[in-house]
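>>> Okay, structure incoming, though there's no sequence with it:
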């Protein structure tokens, strides 16, 4: 699946907009592939075309800014794994927002993208300090910024287990293959 996610220290790209839906993240015309490769070009394609070089992604440094900060209700709309694939293909390893749509969060976690809800206070602080660096520690379940402020976060235990090991649900099941076979043989 992906490399294990234990700790990430990074800058962030700020999309200070509420209700970013999956059709904005990846317009439907890009959903003709069964692979995530090359979907970075589709990420916010319509907004980037309208803003002609002024969209936050157009000035991003993916090697240094691997956290995407979105507004309230990020990832709402239809269920699109392509949205998560495009975010990952662009180079992001985590998405933070005060509220993340449940289906988007589920798709993200199932595809190795850490999607976390943060407090509105932290969100406001990060929007005003766009050059901040954050450290996400999945093992300790903490998020800290340059000022030393620390916030804890909750995450589904199974999703955390998988992210820490860089595996997905299928990998997990395949690891249990001997146990499943032994059980079946014993029946």
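That came in fine, so what should we check first? Everything numeric in this text was worked out from a predicted model, so none of it was measured.
>>> for this protein, which strand is longest?
strand 7-15 (DSSP state E).
>>> Would you indicate which residues of that strand are buried?
8, 10, 11, 12, 13, 14, 15 (16 or more other C-beta atoms under 10 Å). For glycine as for every other residue, the C-beta is placed from the backbone atoms N, C-alpha and C.
>>> ditto for stretch 51-67
55, 56, 57, 60, 65, 66, 67.
>>> Need the worst-confidence member of the residues you listed.
Lowest in pLDDT among the buried residues of stretch 51-67 is residue 60, which has 86.
>>> For that one, grab phi and psi.
Residue 60 has phi and psi values of phi -80, psi 160 when expressed as degrees, to the nearest 10.
>>> any idea which helix or strand carries residue 127?
helix 120-128 (DSSP states H and E).
>>> tell me which of the buried residues of strand 7-15 is nearest to residue 122?
Relative to residue 122, the closest of these is residue 12; by C-beta to C-beta it sits at 11.5 Å.
>>> need the contact list for the closest one.
By C-beta atoms under 8 Å, 6 or more residues apart in numbering, residue 12 lies in contact with 65, 67, 68, 69, 96, 126, 130, 132, 134.
>>> Same list, those, but as a markdown table with distance to residue 180 and secondary structure please.
Formatted as a markdown table, the contacts of residue 12 follow (distance: C-beta to C-beta, whole Å; DSSP: H, G, I helix; E, B strand; the rest coil):
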| residue | distance to residue 180 | secondary structure |
| --- | --- | --- |
| 65 | 42 | strand |
| 67 | 37 | strand |
| 68 | 37 | strand |
| 69 | 41 | strand |
| 96 | 37 | strand |
| 126 | 44 | helix |
| 130 | 49 | coil |
| 132 | 46 | coil |
| 134 | 40 | strand |
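>>> which of those has the most neighbours?
residue 68 (27 neighbours; other C-beta atoms under 10 Å).
>>> I'd assumed residue 94 was in contact with it.
Yes. Between residue 68 and residue 94 there is a contact at 7.2 Å, judged by C-beta atoms under 8 Å.
>>> what's around the nearest residue to residue 127 once chain neighbours are set aside, how many residues?
Among residues not flanking residue 127 along the chain, residue 16 sits closest, at 5.1 Å (C-beta to C-beta, 6 or more residues apart in numbering). For residue 16, the tally of surrounding residues (other C-beta under 10 Å) stands at 14.
>>> And the pLDDT at residue 16?
Reported pLDDT for residue 16: 92.
>>> can you check residue 172 too?
Looking at residue 172, its pLDDT is 85.
>>> and if you look at the one 3 residues further on?
In the predicted model, residue 175 carries a pLDDT score of 88.
>>> Give me the distance between the nearest residue to residue 59 once chain neighbours are set aside and residue 47.
Spatial nearest neighbour of residue 59, chain neighbours left out: residue 53 (7.9 Å); criterion: C-beta to C-beta, 6+ apart. Applying C-beta to C-beta, to the nearest Å, the value for residue 53 to residue 47 is 12 Å.
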